[in-house]
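S.K.: Got a predicted model here, sequence first, then my questions.
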Amino acid sequence: MFQTHVYTNRRKAVKSQIDSGILLILGNQEAAYNYPANTYHFRQDSNFLYFFGIDLYNLVGVMDVDNDKDYIFGNDVDIEDIIWMGPQPSISNQAKEVGVKDTANLEALATFIAEAQKQGRKIHIQPTYRGEHIIQLADLLNVSHKEVKDYVSIDLIKAIVSLREIKDEFEIAEIEKAVDIAYDMHTTSMRMAYPGRVEREIAGTIEGISLAQGGPVSFPIILSVHGETLHNHAHGNVLELGRMMVTDAGAETTMHYASDITRTVPVGGKFNERQKGIYQAVLDANVKAIEAIKPGIKYRDIHFLAAGVLVDGLKKVGLMKGDTAAAVKAEAHTLFMPHGLGHQMGFDVHDMEGLGENYVGYDENTKRATTFGTAYLRMGKELKPGIVLTVEPGCYFIPALIDEWKSENKNSEFINYDLLETYKDFGGIRIEDDILVTKSGHHVLGKPIPKTIEEIEATMANKL
Ligand code: GLY
Ligand code: MN
Ligand code: MN
């Protein structure tokens, strides 16, 4: 937990941005896995963590904007709980740690909300992402589950985004810790990427590294020799020479801040010439995009800059042709990179995505594209100091997509479809780093993780 004033200041700041009413921030409850007493690993709601800091289930935080008061509602453990879970500090003692003086049990919350509604006060809620919350809110607000969404407050969403997207020095230190754990995960993955291994041996090993150093992984590990499937969570392939292996994995610290790193390596530790050509194109896009990060530039412009660098690299190997700027304008690059350059990152690996992607990545000055590939760009708006985001260009050879575009002769002035046929067995490459926007430019977070061809080959030579 951070120092008490951090939470007090955050609550003060969000209340100052809302005209009136009650801000209702639900903590998470335990969620059953395959029977009630067998639960998923508990993860607190990120907004609850941000404003109320307590990492325990069944709590509700309330901020009363009009009376400038904060409350935590939750039930103290009873003897049955103590037998199974051990002693727990009282809710009121935990609340004091985050600067909240007023606490009460959950029954009192129902009365509190009913009273506020009677007085015609506005209740602001955030969008829901768990069924349990919809039921809890329907009960509290005395509406049907279908009407809960009517209480979602755009003012609250915008206020939370404006605060959470600017990371302070303590949050940045936590994210750096998460990247440092990812360093161990990724160098281990590289050193294990030899023929005969099954993907799950590597995925399981690096998940263990995350668990041993902090929290669980920050999202389910993507690890595959079929990196052309962007979010490939199946880990059953046996590694063979000639394939590239994508590892997209990050850790969560004990304070629940995330990292999100991708590295792609040649099985067996040595790049062949074909792999070098595509890898260097993606690496150049990653490096040039990072170099361009600074306040005042729109991330969408950096996305297209990276696309141009990728096109140049693919022209070098003969897969693309023609004028680079015209190819990017025609979005011909989306055949190879049908996703966005990156997203914000913090408590959530796609930070604040639960509040709505467009509130996080776009604003009045930057509207989201709807065209193929570019529509997946989650972050397009102008950068400000304090924003943390990922840079993750990729190049994928997706046979079904290649066949579709080829059958339509799509962008054939920019794509060499004959040569592309010979790449259908290539797989995919992604290279992802976590970057802080600073006042003067940018800072690559954490200990540098090998990413040049030479660095990767040198790391992999130290086989595990
Ligand atoms: N880890 C998923 C992503 O890179 O967005
Ligand atoms: Mn990732
Ligand atoms: Mn990412």
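M.R.: Thanks, I have the structure now. Ligands and ions are numbered 1, 2, ... in the order given.

S.K.: show me what contacts the nearest residue to Q44 once chain neighbours are set aside?
M.R.: Excluding its sequence neighbours, the residue lying closest to Q44 (Cβ to Cβ, 6 or more residues apart in numbering) is D55, at 5.1 Å. Any C-beta I mention is one placed from the backbone N, CA and C, and that applies to glycine too. Residues in contact with D55 (Cβ atoms under 8 Å, 6 or more residues apart in numbering) are 1, 44, 49, 256.

S.K.: go on, N105?
M.R.: 73-76.

S.K.: What count of nearby residues applies to whichever residue of the stretch 101-250 of the chain sits closest to ligand 3?
M.R.: Of all residues in the stretch 101-250 of the chain, the one sitting closest to ligand 3 is D248 (7.1 Å; Cβ to the ion). D248: 24 surrounding residues under other Cβ atoms under 10 Å.

S.K.: Give me the helices and strands touching the strand or helix carrying it, please.
M.R.: Per DSSP states H and E, D248 falls inside strand 244-249. With contacts taken as 3 or more Cβ pairs under 8 Å, 6 or more residues apart in numbering; DSSP states H and E, strand 244-249 sits against helix 169-192, helix 199-213, strand 222-224, strand 261-266, strand 428-430.

S.K.: Among these, single out whichever gets nearest to V238.
M.R.: helix 199-213 (8.0 Å; Cβ to Cβ).

S.K.: ok, residues contacting the helix or strand bottoming out on mean pLDDT in the chain?
M.R.: Here the helix or strand of the chain ranked lowest by mean pLDDT, DSSP states H and E is helix 79-85, holding a mean of 92. Helix 79-85 has contacts (Cβ under 8 Å, 6+ apart) with 77, 88.

S.K.: Distance check, I72 against E392.
M.R.: Distance of I72 to E392, computed by Cβ to Cβ, to the nearest Å: 37 Å.

S.K.: can you give me phi and psi for V388?
M.R.: phi -110, psi 130 (degrees, to the nearest 10).

S.K.: ok so, going back, could you give the average pLDDT over the strand holding D248?
M.R.: The average pLDDT within strand 244-249 is 98.

S.K.: Note down every partner strand of it and its orientation.
M.R.: strand 222-224 (antiparallel), strand 261-266 (antiparallel) (DSSP bridges).

S.K.: Run a quick neighbour tally on N462.
M.R.: Neighbour number of N462 under other Cβ under 10 Å is 10.

S.K.: I figured it hits R191, correct?
M.R.: Yes - the pair N462 / R191 is scored as a contact, 5.7 Å apart, by Cβ atoms under 8 Å.

S.K.: Show me where the stretch 51-200 of the chain has its strands.
M.R.: All strands of the stretch 51-200 of the chain, identified by DSSP state E, counting those that start in this stretch, fall at 60-64, 69-73, 102-104, 123-125.
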